[in-house]
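Undergrad: missing the sequence, but the structure's below:
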């Protein structure tokens, strides 16, 4: 499983992104600088995505409330098949702690890394 430490400013942890094991869904836990779990990220079933945006839902710890989204945006057949370029968007509540916003941006990078290692989507 992969993990990522986000630092802001450099040298001071802002939080962590931890990949969680799941048999068919990409899942991640967002932790604050004290390594306390505060959010979850759940991606779609790996086998059911083609020609559309791939959305990773940012959820509360109990996974009942959607709080935001990280989206790999579909950029067209030619771009998807002939290039390694991806477009991502990140949505989160305006009142979310700025450090956790930085960690969610870091989660975007970890999702890309996991994608390249495991052919996630």
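TA: Now that the structure is in, tell me what you want to look at. All values derive from a computational prediction rather than experimental measurement. Numbers count the residues shown, from 1 in each chain.
Undergrad: CA atoms for contacts and neighbours, from now on please.
TA: Will do.
Undergrad: what residues does the worst-scoring helix or strand of the chain on mean pLDDT touch?
TA: Ranked by mean pLDDT, DSSP states H and E, the weakest helix or strand in the chain is helix 77-82, scoring a mean of 82. Residues outside helix 77-82 that contact it (Cα atoms under 8 Å, 6 or more residues apart in numbering): 51, 74, 85-86.
Undergrad: residue 95: neighbour count?
TA: 7 (other Cα atoms under 10 Å).
Undergrad: measure it to residue 23 for me?
TA: 33 Å (Cα to Cα, to the nearest Å).
Undergrad: and of the contacts of helix 77-82, the nearest to residue 18?
TA: residue 86 (21.9 Å; Cα to Cα).
Undergrad: give me the phi and psi angles of the closest one.
TA: Backbone torsions of residue 86, given as degrees, to the nearest 10, read phi -130, psi 150.
Undergrad: among the contacts of helix 77-82, which ones are buried?
TA: residue 74 (16 or more other Cα atoms under 10 Å).
Undergrad: and the contacts of helix 77-82 as a markdown table, adding distance to residue 99, secondary structure and pLDDT?
TA: Shown next, in a markdown table, are the contacts of helix 77-82 (distance: Cα to Cα, whole Å; DSSP: H, G, I helix; E, B strand; the rest coil; pLDDT from 0 to 100):
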| residue | distance to residue 99 | secondary structure | pLDDT |
| --- | --- | --- | --- |
| 51 | 33 | coil | 80 |
| 74 | 28 | coil | 86 |
| 85 | 27 | coil | 82 |
| 86 | 25 | coil | 84 |
